[in-house]
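J.: Structure for the following, please:
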Amino acid sequence: GINRDTISVIRALAITVDGGPIVYVQSGGSTTLSPTVSGGFAPYTFMWSPTSTLNDSTSSNPIASPTVDTDYSVTVTSASGCTDVATVEVQIGSAVTISVEPYDTTICAETSMQFTASGGTDYVWVEDAGNPSTGNLSAYNIPNPTFSNGLPASTYNYQIIVEDNAFPGFYDTADVVIQV
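T.: Numbers count the residues shown, from 1 in each chain. Take a look at the predicted model:
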């Protein structure tokens, strides 16, 4: 007789891990790391490095509390043994950085000066309580107000606060001084 054997070939599906965009965290804060895993067979195992600022180095979504900018590497292994590695970059500090032109300026009386701020989506210009009663901005909630009506030999101080809808909770400020 003829003997027959059956051979099964199991092909493992590749696994892909994406660390995602840069994550920003304020100094002293924490954030949840959330890589995206696709392909392969669940369940997946996770190994994160460095481990010292993570609450659980084997979690799929550990909480990171870095004190300096840190690149976290995650190795993900599928149930079939396939692996992939990704990096999640965490930066300390604000995701919002303001730029304003001109920063400090001197203008002649009875002239105007337009400012241009950038770095976010929402702008608030705050007038110093000690400013003379004349002299004002054309608007206090836009990136490009115009200052006018300044008194000769006077100083006007403003603080601009910028936020960005893409980074809730983050903001930056700048001070602007106008000499007339």
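
J.: wouldn't residue 45 be in contact with residue 74 here?
T.: No. Counting by CB atoms under 8 Å, residue 45 stays clear of residue 74, with 10.5 Å between them. Heads up, the C-betas are built off the backbone N, CA and C, glycines and all.

J.: Tell me which of these two has more neighbours.
T.: More crowded of residue 45 and residue 74, by other CB atoms under 10 Å: residue 74, with 22 against 12.

J.: how close does that one get to residue 65?
T.: Distance, residue 74 to residue 65, by CB to CB, to the nearest Å: 16 Å.

J.: How about residue 92?
T.: Distance of residue 92 to residue 65, given as CB to CB: 11 Å.

J.: so where's this protein uncertain?
T.: 1, 7-12 (pLDDT under 70).

J.: ok, so what distance separates the spatially closest residue to residue 119 that is not a sequence neighbour from residue 106?
T.: In this structure, residue 119 finds its nearest non-sequential neighbour in residue 98, 4.3 Å apart by CB to CB, 6 or more residues apart in numbering. In this view, residue 98 and residue 106 are 22 Å apart by CB to CB.

J.: Thank you, goodbye.
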